[in-house]
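Undergrad: Here is a sequence together with a model predicted from it:
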Amino acid sequence: MKLLSVIVPCYNEQETIEDFYAEIMKIAPFFKGKEIETELIFVNDGSKDETVQEIKKLKAQDERVRMISFSRNFGKEAAIYAGLEKSKGDFVVIMDADLQDPPSLLPEMYAGIEEGYESVATRRVSRKGEPVIRSFFAKLFYKIMRKISKADIVDGARDYRLMTRKFVNAVLGISEYNRFTKGIFGWVGFETKWIAYENVERQKGQTKWSFWKLLIYSIEGIVGFSTAPLAFASIVGIVFCILAFIFLIFIFARALLFGDPVAGWPSTICIILMVSGVQMFCMGIMGQYLAKTYLEVKHRPIYVVDEEV
């Protein structure tokens, strides 16, 4: 009999664990009919609430439940990687515990696997309930990524994805420290079927993703899967060198023709400040790449396990 591994990253999700389990159990008979057993792998990402206790309660009543608990908060990307590493299933699906990834889609997703796809992914067609500014920048991010990266990242893509073991092994083969799972999924290739659905709002608990965290996450994605920012910094540098050369000729010619009166100090200061700002911006871009390289060469573990049951 084959096995389906359900990976559930958790961070302060004590209010949603039981509801999530109940919803998954409604789908389990479908896979049972396909001769597929189910295992649930909850990855506790250093939660500060009673998440671990709630998972252990489920473990006590259902041996199919497994838990990996980190020593601290390593982030969702590390939790996903740990779940993939520990999974044993012929098929693996990643889901959020807050039920924003509807378990009811799993039969349709599995149908895509039966059609021959190596992965079946989901995307939101609407962002109902989200702040307007967050939706705007999210769409802008996906648009930029599609233009500057070779990774196939679809607008509204979720981490909610059903994969074959071949696909999972390919993802695990990319063991980099700075992880951006959406980009990795697109980078490894394989034929993927996309299923669209309307946004489902969180019913309990609070979202852990603030606008600032999402902004940092998007920068990590761009830096991790494109060198376009470096090319942009180089082009800006060339443009400013050309402008400086033209301005130098202008100043030299004006001095020869009209003398050299001491004037224009405000504009000079403004130009200096502007150029300095551009330089600092470009240095910041290069600094991001250097920082990521520094973290990679240290070869630190992606996560540290405190408890596994």
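TA: That came through fine.

Undergrad: Might you list the low-confidence residue ranges for the stretch 101-250 of the chain?
TA: Scanning the stretch 101-250 of the chain for pLDDT under 70 picks out the ranges 127-131, 150-151, 202-212, 217, 225.

Undergrad: Which residue ranges of it form helices?
TA: Per DSSP state H, counting those that start in this stretch, the stretch 101-250 of the chain carries helices over the ranges 106-114, 132-148, 165-172, 181-187, 211-225, 228-258.

Undergrad: Quick one: list the elements packing against the first one.
TA: Translated: helix 106-114. Contact here means 3 or more CB pairs under 8 Å, 6 or more residues apart in numbering; DSSP states H and E; on that basis helix 106-114 packs against helix 17-33, strand 91-94, strand 119-124, strand 157-164, strand 192-197. Every C-beta, even on glycine, is put in place using the N, C-alpha and C of the backbone.

Undergrad: ok, 10 Å please
TA: Judged by 3 or more CB pairs under 10 Å, 6 or more residues apart in numbering; DSSP states H and E, the packing partners of helix 106-114 are strand 2-10, helix 17-33, strand 91-94, strand 119-124, strand 157-164, strand 192-197.

Undergrad: Would you mind checking the average pLDDT for the third one?
TA: Per-residue pLDDT values across strand 91-94 average out to 95.

Undergrad: Please name every helix or strand in contact with it.
TA: With contacts taken as 3+ CB pairs under 10 Å, 6+ apart, strand 91-94 sits against strand 2-10, strand 36-44, helix 76-86, helix 106-114, strand 119-124, strand 157-164, helix 165-172.

Undergrad: ok, back up a step: so which of the helices of the stretch 101-250 of the chain gets nearest Val297?
TA: Nearest of the helices of the stretch 101-250 of the chain to Val297, taken as CB to CB: helix 211-225 at 15.3 Å.

Undergrad: Kindly report the domain assignment for this structure.
TA: Annotated domains of the chain cover 2-206+302-308, 228-297 [automatic domain parsing].

Undergrad: tell me the most buried of the ones you listed?
TA: Highest mean neighbour count among those (mean count of other CB atoms under 10 Å): domain 2-206+302-308, with a mean of 18.

Undergrad: I'd guessed Gly173 sits against Glu85; true?
TA: No. Under the criterion of CB atoms under 10 Å, Gly173 makes no contact with Glu85, lying 11.6 Å away.

Undergrad: Need phi/psi at the residue nearest the centre of the chain.
TA: Nearest to the mean C-alpha position of the chain, by CA atoms, centre = their mean, lies Phe180 at 4.4 Å. Taking degrees, to the nearest 10, you get phi -130, psi 90 for the backbone angles of Phe180.

Undergrad: Glu13 too?
TA: Note on Glu13: its backbone torsions stand at phi -120, psi 30 [degrees, to the nearest 10].

Undergrad: hang on, the earlier thing: how about the domains of the chain in a markdown table, adding distance to Lys213?
TA: Shown next, in a markdown table, are those (distance: least, CB to CB, whole Å):
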| stretch | distance to Lys213 |
| --- | --- |
| domain 2-206+302-308 | 10 |
| domain 228-297 | 17 |
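
Undergrad: rewinding a little: compare the helices of the stretch 101-250 of the chain and report which one is nearest to Arg124.
TA: Arg124 lies closest to helix 132-148 among the helices of the stretch 101-250 of the chain, at 9.6 Å (CB to CB).

Undergrad: ok so, going back, mind giving me TSV with the helices of the stretch 101-250 of the chain and columns for distance to Met95?
TA: Shown next, in TSV, are these (distance: least, CB to CB, whole Å):
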stretch	distance to Met95
helix 106-114	9
helix 132-148	20
helix 165-172	15
helix 181-187	13
helix 211-225	19
helix 228-258	32
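
Undergrad: closest one to Trp194 among those?
TA: Within the helices of the stretch 101-250 of the chain, the stretch nearest Trp194 is helix 106-114; the backing value is 9.1 Å (CB to CB).

Undergrad: Just the CA atoms of the closest one, as CSV, please.
TA: C-alpha atoms of helix 106-114 as CSV (Å, rounded to 0.1, in the frame of the first residue of the first chain):
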residue,chain,number,x,y,z
LEU,A,106,-6.9,17.1,-2.3
PRO,A,107,-9.0,14.6,-4.3
GLU,A,108,-8.8,17.0,-7.3
MET,A,109,-5.1,17.4,-6.8
TYR,A,110,-4.6,13.6,-6.7
ALA,A,111,-6.5,13.3,-9.9
GLY,A,112,-3.8,15.5,-11.5
ILE,A,113,-1.1,13.1,-10.2
GLU,A,114,-3.1,10.2,-11.8
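
Undergrad: now the angle from it to strand 36-44?
TA: Relative orientation of helix 106-114 and strand 36-44, computed by axes from the mean of the first three to the mean of the last three CA atoms, to 10 degrees: 110 degrees.

Undergrad: what sits up against helix 106-114?
TA: 4, 6, 24, 26-28, 30-31, 33-34, 36, 38, 90-91, 93, 95, 117-122, 160-164, 167, 191-195, 197 (CB atoms under 10 Å, 6 or more residues apart in numbering).
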